[in-house]
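> all I have is the shape, not the residue letters:
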């Protein structure tokens, strides 16, 4: 993995105090990455500021795909069984996460 000069999104915002349009650009890039994942049937499952890294080019990258699920490779019953036992970061979990497991909707909720 390459080095990300400005680190995690939350640390970058606190330490560098970027302008609003710089933060907006990073969040737009991450929303595009999340959209790309969903279009390709992948659920990230752990969207949070610590998993958004800022490079020296001030571009945002969505990282940490440890618990991501490729839905194109799973049967529905296997997906339900595996995703009901979810890993989560307190404060970034969607209210329905324990009932539904990780879904596109829980990714979007966590991003918001």
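Nice, thanks for sending it over. Everything numeric in this text was worked out from a predicted model, so none of it was measured.
> pLDDT score assigned to the one residue sitting closest to the centre of the chain?
Nearest to the geometric centre of the chain sits residue 47, at 2.5 Å (CA atoms, centre = their mean). According to the prediction, residue 47 has pLDDT 96.
> cool, and the one 5 residues further on?
Per-residue pLDDT puts residue 52 at 98.
> quick one: it and residue 60 touch, right?
Yes: taking contacts as CB atoms under 8 Å, residue 52 lies within contact range of residue 60: 5.4 Å. C-beta: built from backbone N, CA, C; applies to glycine.
> find residues that contact each of those two.
9, 26, 30 (CB atoms under 8 Å, 6 or more residues apart in numbering).
> JSON lines please, covering these and showing secondary structure.
Below are the shared contacts of residue 52 and residue 60 laid out as JSON lines (DSSP: H, G, I helix; E, B strand; the rest coil):
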{"residue": "9", "secondary structure": "helix"}
{"residue": "26", "secondary structure": "helix"}
{"residue": "30", "secondary structure": "helix"}
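> from those residues, which single one is nearest residue 108?
Proximity of those to residue 108 (CB to CB) peaks at residue 30, which lies at 11.6 Å.
> which residue packs closest to the closest one, ignoring adjacent ones?
Leaving aside its chain neighbours, residue 30 sits nearest to residue 60 (4.8 Å; criterion: CB to CB, 6 or more residues apart in numbering).
> with residue 55 instead?
Excluding its sequence neighbours, the residue lying closest to residue 55 (CB to CB, 6+ apart) is residue 4, at 5.0 Å.
> for residue 18, same thing?
Sequence neighbours aside, residue 12 is the residue nearest to residue 18 in space, at 6.7 Å (criterion: CB to CB, 6+ apart).
> tally of neighbours for the one you found?
23 (other CB atoms under 10 Å).
> now do the one 10 residues further on
As a burial measure, the neighbour count of residue 22 was computed by other CB under 10 Å and equals 16.
> looking at the protein, which helix or strand is least sure?
helix 76-84 (a mean of 51; mean pLDDT, DSSP states H and E).
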